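1. model the structure of this input:
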Amino acid sequence: MSHFSTEPVSGNSVTHYLLEQLRRHPKRVVFTEGEDIRVIRAAARLVEAEVVAPILLGNRERIRALAAENSVSLKFVHIIDPPFASDFKLFCQRVENMARYRTMQIGDPAEIVARPHYFGALMVQYGQADAIVGGNQALPAAYFRALLHTIKPLPNVPKIFGVTVLTGAHLKHMGGSGILFLADCGLIPNPDVVELASIAIETGKLAHHFLGRKAYVAMLSHSTKGSAATPDARRMAAAASLAQDQAMKEFLEISIEGELQADVALDSEAAETKLPGAEARPTADVLVFPNLDAAHISLKLLQHVAGAQNYGQLILGLSRPAAQVPRTASVETIFGTAAAIAVEAIKFHQLHPHGDD
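-> Coordinates of the predicted model:
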């Protein structure tokens, strides 16, 4: 049974579900760029909702001054200035050992650990926080680099990728429960068949966890079921077939179909017109795009033209929960993204109750 209503829902309804989960299992979320009033406001909201223990990285006095100027409470918000943290020397040793083990060429470990992105990632990797959110003031590449250098990747995922969660009560065809998962919106420029299949499987798992029911994944293309026999359409069809086989082998509650045009994936009337005689199909919850350009452009149009509310992107393929928010993120986006990645941390702790190495 789905946790979400089958009626269209608002962003508040989505975050309401996330907050209900977190009230039973509160988590510690570290924000790598704490000297940002949007982050400070989001942290205060998370405390007020009693769902997350926020940790803000940055200069303590600057953060306190920003909060005071804007009349935002910092009660129960933990502030850490990395170079002055009690774990700073320990993290420096771990970075040095990590570099030696991975044969990485690095600079001064102290200089690296002093960077908030790296310090936050180390906190998550070594259990000092349950999830990490960053990117609100930095170029994505700098943030992703810190995650890749510090947090172990999952061995079964070829490359890390990003998933954005969208909702909007005023919009039509927003997934089967009024929520859509879009992937990959931020990392892999031109995924191959194996990478696309992995994106479909991992995003399907994420959707299943969030929705509490079987998740429906559509592999998007300009073609539907061979209507255009281009190499790109065949690539999406091949990825769908590979993902279907994997889902079946792992007994996953995920249905994967492709290649499909977006209207066929989301609009039952369009599906009936373009696939006459085909069985009625549920509306897709997950949209897997053929490349980064298509995904990112679609995301920005849905946000800025259609007015969809976005959360994330949630970074999948790492062994610890991580999320990236854009530099244009609203307080609501940062708040909801932190709640979403904290809910992912609940799943991580269920799978690894004693952590992992």
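2. residue 127: neighbour count?
-> 11 (other CB atoms under 10 Å). C-beta: built from backbone N, CA, C; applies to glycine.
3. in a helix, it, correct?
-> No. Looking at residue 127 with DSSP: H, G, I helix; E, B strand; the rest coil, it is coil, so not inside a helix.
4. partners of whichever strand or helix holds residue 53, with directions?
-> Assessed by DSSP states H and E, residue 53 sits inside strand 52-57. With DSSP bridges as the test, strand 52-57 is paired with strand 27-31 (parallel), strand 78-80 (parallel).
5. most tightly surrounded among those?
-> strand 27-31 (a mean of 26; mean count of other CB atoms under 10 Å).
6. report the inter-axis angle for the helix or strand just after the strand holding residue 53 versus strand 52-57.
-> Next along the chain after strand 52-57, taking DSSP H and E as the criterion, comes helix 60-69. Computed with axes from the mean of the first three to the mean of the last three CA atoms, to 10 degrees, the direction of helix 60-69 lies at 120 degrees from that of strand 52-57.
7. which helices and strands does helix 60-69 pack with?
-> helix 37-48, strand 78-80 (3 or more CB pairs under 8 Å, 6 or more residues apart in numbering; DSSP states H and E).
8. what is the subsequent helix or strand relative to the shortest one?
-> Meaning strand 78-80. helix 88-102.
9. contact partners for residue 331?
-> Counting by CB atoms under 8 Å, 6 or more residues apart in numbering, residue 331 makes contact with 38, 41, 42, 45.
10. if you rank those residues by neighbours, which is first?
-> Neighbour-wise, the contacts of residue 331 (other CB under 10 Å) top out at residue 42, 30 neighbours.
11. phi and psi next, for residue 208.
-> phi -60, psi -40 (degrees, to the nearest 10).
12. before we move on, the earlier item: now render the contacts of residue 331 as JSON lines, adding distance to residue 313 and pLDDT.
-> Output for those, formatted as JSON lines (distance: CB to CB, whole Å; pLDDT from 0 to 100):
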{"residue": "38", "distance to residue 313": "17", "pLDDT": "98"}
{"residue": "41", "distance to residue 313": "21", "pLDDT": "98"}
{"residue": "42", "distance to residue 313": "16", "pLDDT": "98"}
{"residue": "45", "distance to residue 313": "20", "pLDDT": "96"}
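13. quick check, nearest of these to residue 138?
-> For those, the closest approach to residue 138 (CB to CB) belongs to residue 38, at 13.6 Å.
14. per-domain residue ranges of the protein.
-> Using automatic domain parsing, the domain parsing of the chain gives 11-152+319-357, 156-317.
15. please report how far residue 152 lies from residue 320.
-> Going from residue 152 to residue 320 by CB to CB, to the nearest Å gives 8 Å.
16. ah, wrong one, I meant residue 290
-> 29 Å.
17. for the stretch 151-300 of the chain, what spans make up the strands?
-> 161-167, 179-183, 215-220, 254-260, 286-288 (DSSP state E, counting those that start in this stretch).
18. most tightly surrounded among those strands?
-> strand 286-288 (a mean of 30).
19. for it, name the packing helices and strands.
-> Looks like strand 286-288 contacts strand 179-183, helix 193-211, strand 215-220, helix 262-266 (3+ CB pairs under 8 Å, 6+ apart).
20. hang on, the earlier thing: higher neighbour count, residue 290 and residue 320?
-> The neighbour count for residue 290 versus residue 320, taken as other CB under 10 Å, is higher for residue 320 (27 against 21).
21. these two touch, right, that one and residue 122?
-> No. Residue 320 lies out of contact with residue 122 (CB atoms under 8 Å); the separation is 10.4 Å.
22. just want the most central residue of the protein.
-> residue 314 (0.9 Å; CA atoms, centre = their mean).
23. which positions in stretch 291-311 come out as buried?
-> By neighbour count with 16 or more other CB atoms under 10 Å, stretch 291-311 contains the buried residues 292, 294, 295, 296, 298, 299, 302, 303, 308, 309, 310, 311.
24. quick one: contacts of that stretch?
-> With CB under 8 Å, 6+ apart, stretch 291-311 has contacts from 10-11, 14, 164-168, 170-171, 174, 182-191, 220, 287, 289, 332-333, 336-337, 339-340.
25. who touches both of residue 152 and residue 320?
-> Common neighbours of residue 152 and residue 320 (CB under 8 Å, 6+ apart) are residue 125.
26. quick revisit: reformat the contacts of residue 331 as JSON lines; add distance to residue 201.
-> As requested, these are exported to JSON lines (distance: CB to CB, whole Å):
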{"residue": "38", "distance to residue 201": "33"}
{"residue": "41", "distance to residue 201": "36"}
{"residue": "42", "distance to residue 201": "31"}
{"residue": "45", "distance to residue 201": "33"}
